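Enquirer: show me the folded form of this:
(one chain, ligands or ions: 2)
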Amino acid sequence: MRTLVVVPTYNERENVRQLLTAVRGVVPAADVLVVDDNSPDGTASIAESAATELGQIKLLRRPGKQGLGSAYRHGFTIGLDESYDVIVSMDVDFSHDPAVLPEMLALLAAGADAVIGSRYVPGGGTVDWPLHRRVLSRWGNRYTSLVLGLQVRDCTSGFRAYRAEALRAIEPATTTAEGYAFLTELVRRLVGGGFRVMETPIVFADRRYGRSKMSGRIIVESMLLVTRWGLMDLVSGRSRRRRRRRSR
Ligand SMILES: Nc1nc2c(ncn2[C@@H]2O[C@H](COP(=O)(O)OP(=O)(O)O)[C@@H](O)[C@H]2O)c(=O)[nH]1
Ligand SMILES: [Mg+2]
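Expert: Ligands and ions are numbered 1, 2, ... in the order given. Next up is the predicted model:
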């Protein structure tokens, strides 16, 4: 299976070379695409020199910070255009342990359409995260699963592997959310499209270097969109039921 690992970066100079080296060590056959938004700290030039050393690494340089959702949309479109069989997404800051990659790919090979590295299934968790982030993530995910009626426990984990046909079918380029809601939007579309989404436990470690790029605005965006989608589902579910009653 031709695999592309998409890695978005913004101001990650301390992490990028190490992560690329680690990924190459764990899945030597996979290609990697780094999507950098013109990081002021020079992440792109470090990625470029690591790419020359390690091979099979491409760098997409974008003109400015456009958000995580936008970086993934761009990276996924390239992966689909280049006919990869499997597309993986992961953070560069070592919160997502590359050692889990073989397990994720094995689950795809065994029949899953998408595999989510999940903090909220047995065996998963977070370490070293400050309390406010743990609470926000845990309850944000509980709210999301409940409101959208999804069986998936961790809708905002960015550590995922997708079968390319499934990703192509849900048209990631037409999503609009910027932050975590982008990840939820993809889960919603996968489940809605009847695709088989599996979760495998991960222990999410806080980043070793640098700072989080997520903001209060991104969290608010995520909660508002989830609420809106939930209400839309409620209304369309009601109108579907009404139509069904009328046609009886
Ligand atoms: N290209 C790009 N990458 C981003 C952007 N925002 C965040 N990232 C990357 O997305 C990943 C997750 O971001 P991070 O700040 O660690 O989020 P957190 O783990 O939820 O605190 C990291 O690899 C970041 O470098 C962005 O605007 N553009
Ligand atoms: Mg992070």
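
Enquirer: just want the most central residue of the protein.
Expert: Nearest to the mean C-alpha position of the chain, counting by Cα atoms, centre = their mean, stands Gly158 at 2.8 Å.

Enquirer: just the buried positions in the helix or strand of the chain with the lowest mean pLDDT, please.
Expert: Comparing every helix and strand of the chain by mean pLDDT, DSSP states H and E singles out helix 216-247 as the least confident one, with a mean of 86. Taking 16 or more other Cβ atoms under 10 Å as the neighbour-count basis, helix 216-247 is seen to contain the buried residues 218-219, 221-223, 225-226, 229-230. For every residue, glycine as well, the C-beta is placed using N, CA and C.

Enquirer: mind listing the helices for the chain?
Expert: 16-26, 43-54, 68-81, 101-109, 131-148, 164-169, 180-192, 216-247 (DSSP state H).

Enquirer: which of those helices sits most buried?
Expert: Ranked by average neighbour count under the criterion mean count of other Cβ atoms under 10 Å, the helices of the chain are headed by helix 180-192 at a mean of 23.

Enquirer: redo the helices of the chain as TSV? Include distance to Leu60.
Expert: Written out in TSV, the entries for the helices of the chain read as follows (distance: least, Cβ to Cβ, whole Å):
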stretch	distance to Leu60
helix 16-26	13
helix 43-54	9
helix 68-81	7
helix 101-109	21
helix 131-148	28
helix 164-169	17
helix 180-192	17
helix 216-247	21
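
Enquirer: nearest spatial neighbour of Phe204, chain-adjacent residues omitted?
Expert: Computed as Cβ to Cβ, 6 or more residues apart in numbering, the closest residue to Phe204 that is not its neighbour in sequence is Thr126, at 4.6 Å.

Enquirer: and the gap between that neighbour and Ser212?
Expert: Distance check for Thr126 against Ser212: by Cβ to Cβ, to the nearest Å, it reads 13 Å.

Enquirer: who has more neighbours, those two?
Expert: Between Thr126 and Ser212, Thr126 has the larger neighbour count (other Cβ atoms under 10 Å), namely 17 against 13.

Enquirer: which residues does the more buried one contact?
Expert: For Thr126, the residues meeting the contact criterion (Cβ atoms under 8 Å, 6 or more residues apart in numbering) are 119, 133-134, 137, 203-206.

Enquirer: and the residues you listed, which two are the farthest apart?
Expert: Checking these against each other with Cβ to Cβ, the farthest-apart pair comes out as Arg133 and Val203, at 14.8 Å.

Enquirer: ok, Leu60 touching Asn38?
Expert: No: in terms of Cβ atoms under 8 Å, Leu60 does not count as a neighbour of Asn38; the distance is 10.9 Å.

Enquirer: who's more crowded, these two?
Expert: Of the pair Leu60 and Asn38, Leu60 is the one with more neighbours under other Cβ under 10 Å, namely 17 against 13.

Enquirer: tell me the bridge partners for the residue lying closest to the more buried one once chain neighbours are set aside.
Expert: Spatially, and ignoring its direct neighbours in sequence, Leu60 is nearest to Val35 (4.8 Å; Cβ to Cβ, 6+ apart). Beta bridges link Val35 to Pro8, Leu60 when assigned by DSSP bridges.

Enquirer: other SSEs contacting the least confident helix or strand of the chain?
Expert: The helices and strands touching helix 216-247, judged by 3 or more Cβ pairs under 8 Å, 6 or more residues apart in numbering; DSSP states H and E, are helix 131-148, helix 180-192.

Enquirer: stretch 63-79 and ligand 2 in contact?
Expert: No: residues of stretch 63-79 are not located near ligand 2 by Cβ under 5 Å from the ion, the shortest gap being 9.9 Å.

Enquirer: hang on, I meant stretch 7-17
Expert: No: looking at stretch 7-17 against ligand 2 by Cβ under 5 Å from the ion, there are no contacts, and the closest approach is 9.4 Å.

Enquirer: can you get me the start-to-end distance on that stretch?
Expert: For stretch 7-17, the separation between the terminal residues is 12 Å (Cα to Cα, to the nearest Å).
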